[in-house]
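What follows is a predicted structure for the sequence shown.
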Amino acid sequence: MDKPLLQIDNLTIEATAYPPGEAPRRITIVDGVSLTLEKGKVLGLIGESGAGKSTIGLSAMAYGRGGIELSGGKIHLNNREIRKARGRVLRSLRGAEVTYVAQSAAAAFNPAKRLMEQVTEAAVTHGRATKAEAEKRAVDLFRKLGLPEPENFGNRYPHQVSGGQLQRAMTAMALCPQPDLVIFDEPTTALDVTTQLGVLAAIKAAIRDQGVAALYITHDLAVVAQIADNIMVLRHGKTVEYGTAEQIITAPKEEYTQALVSVVAKDHEEKNTDLPPILEVKGLRANYRGMTRDVLSNINVAIQPGTTLAVVGESGSGKSTLARVITGLLPLSAGQMVFDGRQLTPDQKSRSRDDLRELQMIYQMADVAMNPRQTVGTIIGRPLQFYFGMKGKELRNRVVELLGEIELGEKFIDRYPAELSGGQKQRVCIARALAAKPKLIICDEVTSALDPLVAEGILKLLADLQEREQVSYMFITHDIATVRAIADTIAVMHLGKLVRYGKKSEVLAPPFDDYTDMLLKSVPELRMGWMEEVMGTAAE
Amino acid sequence: MNALVLKLLVQRISLGLVLIFFVSIMIFLGTQILPGDVAQAILGQSATPESLANLREELGLNIPAYQRYMSWLGGVLQGDLGTSLTNGRDIGQSIADRMGNTLFLAAWAAIISVPLAITLGLISVLYRGRWPDKLISAVTLSAISVPEFMMSYILMYYVAVQLGWAPSVAMLNDRMSMLDKLHAISLPIAVLVMVVLAHMMRMTRAALLNVMQSAYIETAELKGIRRSSVIWRHAFPNSIAPIVNVVMLNMAYLVVGVVVVEVVFVYPGMGQYLVDHVAKRDVPVVQACGLIFAAVYIFLNMFADIVSILANPRLRHPK
């Protein structure tokens, strides 16, 4: 009897961990997962980081990253058991029957080779096309995927094209050998939201045209809703729920899936105060040394005490530069900043200790913002020593108090950052900022690297702290859902300019300017057929 | 060739020239602060205050140092390295022969060792952690751990004395054919290859393994390409810069640092020439040799940097 294109039965994937000073131990990464995929269908694998979704995706190519072992179960591809395949059999399968699209196309292309050579390499190596045929196919694919100058596109090197274009080129690379199955591993996660929409639509059209099947891996339910026929929800390496896309999105059965679906719909009630602003930025300009063009031009924003200003924009919009200017890391070239009634000096080095203390910052990458060789207690205690001269018992008591405020508790005081989860690390960073008793905290994409449910917890913590301590936030993000969940006022930035600024209720209400309109429309909504609607209106 | 690359190359080459100029000052100053002078060295035990003064006058040692430096530099720029104090011969002439011999030895050592080191590095990566990798590392590291003179005498004893396959003294003359010459210097070549092999091999291995961590190597593996092709076609082009740097350092060593091997095999190269004249306090010869060695070093490193610049696709093909 003919099996479906891909059939995975009871797959178990394990790795061996070597914790320092302890005996090696086996870790189960994927535990008894089964799935089937018919020709020409798309299966979405969804879950948080560590759910094992990429590992399952790569198992369809009989590939395990690092020391990962496909230790049990069956993987049938085109009626062939491939879990134990080795050497030539394995090579004949990879890049021919199954191909792979990685999350970061920028890293997945060889910087020393032209795109055309890389796009056609698999097809030519496996004898699925001559060099000339493969190149013709590649040009066709470039055209279908909406790449500029499809005839000449392949002559470029990876660094000569944009991130969105590289992601399309990677899709072309995967489709060029005309495989039966393509694994898409978070192909749009690293892209800006307006770019994501185009790439997603291009991928969907290409899959449909070529009639290939796809495993589409993502953590974003709204994205997978646009492209998948079936969805599997994974958690801790186990299947939580597996069904049609329609059923998972409209009628999820499991509690975890329901939480994933509902995480999108939070909205924060706008606070209004008439108090004088804690920070006012007037006519601010900034540029980097050696560049004549302004990175920021004529920025005017203000933040009221106890409220949150969300700064929204895509990469290159200047939103992080704004944070660098306010903190004095990048001195402004014109304009002024008034903080709590005082003028802030442009350069951080000439600021008073109180200015430094009352203006704190939290970063996107919590793990690189902490010294890996210091304990949590030392990390949180440092600002207490530095600004308040605390030591001994007093210091410890305050650290424990702060750990309580971030809902971690005293037992974390002697742990090292490596022993914490991503969400816990970010909490420690929040406690460190809080320790200085700041009036304003600048949060730079603090939830972007976190899974949705964890991010939700962090946002809730920040809101609670704001209520208790009356601290203000400048919240930098590219994610509109986060903005809705936390902002009182919003500043939309594009190419170094402020395109829209005001209270949340005003900024997010029509009539919109063109850019804000596009930005809002590009945010995937958690319903099927959303993409077709947006692309349909865009075409008109 | 675009403007950016051209600018970088011009910068790098000018830097090299400035560097040689500074080195020339250092060499001159260095030889000045040595205790004693040539006059003392030449006269030795028989020195009287009068004869010393006369000889110093004759050799121009009474002129202020900066004037002597200027006239020396002027001469060097015109190709005149001066005359030897001890035997009165033209230094340029003497060095030309010696330099030819040194380069001949270094070139053949490089021709054998560089491709060998890179091939062994590629093989190590291909069989990483398995016996070929371990064997290559063990053999090359043992070879570098044995002092050069020791290795030279061991080879001399077994290959030249016991087996009689190669001469123990590497004498060259003009009547020899190329094959005869190679036969004459086969033992010094063997020693030099063993000395430089490990460093270059290990660096090739390390540079490749570093690149093998990249995401684009995974991409290549997932295309079903053979591991050997992945290493050669995808990893190697991206590790050229560090490899070339180490190769050039070793080439420089082959020219500059082979004194021991030349002395052991009585090979008439630059190293021996320098050592002889250091012993005789023949300052102009020491200065000339120092300058030439420095120039070789600077030139080879400059060459490595130029290759690194040209190997970088971001510089070759700007946006």
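Thanks, I have it.

ranges for the strands of the stretch 351-500 of chain A?
Secondary structure of the stretch 351-500 of chain A (DSSP state E, counting those that start in this stretch): strands located at A:359-362, A:440-444, A:472-477, A:489-494, A:497-503.

Can you name every helix or strand that the second one contacts?
If I follow you right, that is strand A:440-444. Applying 3 or more C-beta pairs under 8 Å, 6 or more residues apart in numbering or on different chains; DSSP states H and E, we find strand A:440-444 packed against helix A:319-326, strand A:359-362, strand A:472-477. Glycine gets a C-beta too; all of them are placed from N, C-alpha and C.

repeat for the third one
In this structure, strand A:472-477 makes packing contacts with strand A:296-303, strand A:308-312, helix A:319-326, strand A:440-444, helix A:452-469, helix A:480-486, judged by 3+ C-beta pairs under 8 Å, 6+ apart.

could those go into a markdown table alongside mean pLDDT?
Output for the helices and strands packed on strand A:472-477, formatted as a markdown table (pLDDT from 0 to 100):
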| stretch | mean pLDDT |
| --- | --- |
| strand A:296-303 | 91 |
| strand A:308-312 | 93 |
| helix A:319-326 | 90 |
| strand A:440-444 | 93 |
| helix A:452-469 | 88 |
| helix A:480-486 | 86 |
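
For the nearest residue to A:G328 once chain neighbours are set aside, give its distance to A:R289.
In space, and not counting its chain neighbours, A:G328 is closest to A:Q348: 3.0 Å by C-beta to C-beta, 6 or more residues apart in numbering or on different chains. In this view, A:Q348 and A:R289 are 16 Å apart by C-beta to C-beta, to the nearest Å.

Compare those two (neighbour count), which wins?
Each of A:Q348 and A:R289 has its neighbours counted (other C-beta atoms under 10 Å in any protein chain shown); A:Q348 has more, 17 against 5.

Hmm, that one is touching A:I326, no?
No. Applying C-beta atoms under 8 Å as the test, A:Q348 and A:I326 come out as separate, 9.9 Å apart.

Domains in chain B, by residue range?
What automatic domain parsing lists as the domains of chain B is B:3-32+B:91-316, B:35-80.

in the stretch 51-200 of chain B, what residue is nearest chain A?
B:G129 (12.3 Å; C-beta to the nearest C-beta).

Do you know the pLDDT at that residue?
Looking at B:G129, its pLDDT reads 88.

Could you check how many residues crowd around it?
If you count neighbours by other C-beta under 10 Å, B:G129 ends up with 7.

most neighbours per residue, which of the helices and strands packed on strand A:472-477?
Most buried of these, by mean neighbour count (mean count of other C-beta atoms under 10 Å in any protein chain shown): strand A:308-312, with a mean of 27.

follow-up on the earlier one: tell me the secondary structure of the residue of the stretch 51-200 of chain B closest to chain A, please.
coil (DSSP: H, G, I helix; E, B strand; the rest coil).

Not counting its neighbours along the chain, what's nearest A:D444?
In space, and not counting its chain neighbours, A:D444 is closest to A:I476: 4.7 Å by C-beta to C-beta, 6+ apart.

What is the burial count for that neighbour?
Per other C-beta under 10 Å, the neighbour tally for A:I476 reads 24.

Setting the sequence-adjacent residues aside, check what's closest to residue 228.
By default, I'm working from chain A. A:G44 (3.4 Å).

Actually, chain B is the one I wanted.
Among residues not flanking B:S228 along the chain, B:L126 sits closest, at 5.8 Å (C-beta to C-beta, 6+ apart).

What segments of chain B are strands?
In chain B, no strands are defined using DSSP state E.

Next: the stretch 51-200 of chain A.
A:69-77, A:80-81, A:98-101, A:181-185.

Could you save those as TSV and add columns showing distance to B:S308, mean neighbour count and mean pLDDT?
As requested, those are exported to TSV (distance: least, C-beta to C-beta, whole Å; neighbours: other C-beta atoms under 10 Å in any protein chain shown; pLDDT from 0 to 100):
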stretch	distance to B:S308	mean neighbour count	mean pLDDT
strand A:69-77	39	18	88
strand A:80-81	46	12	88
strand A:98-101	31	28	94
strand A:181-185	33	24	93
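
phi, psi of the residue nearest to A:A228?
With angles defined as degrees, to the nearest 10, A:G44 sits at phi -90, psi 130.

And the strands of the stretch 351-500 of chain A: which comes nearest B:A117?
Among the strands of the stretch 351-500 of chain A, the nearest to B:A117 by C-beta to C-beta is strand A:440-444 (46.7 Å).
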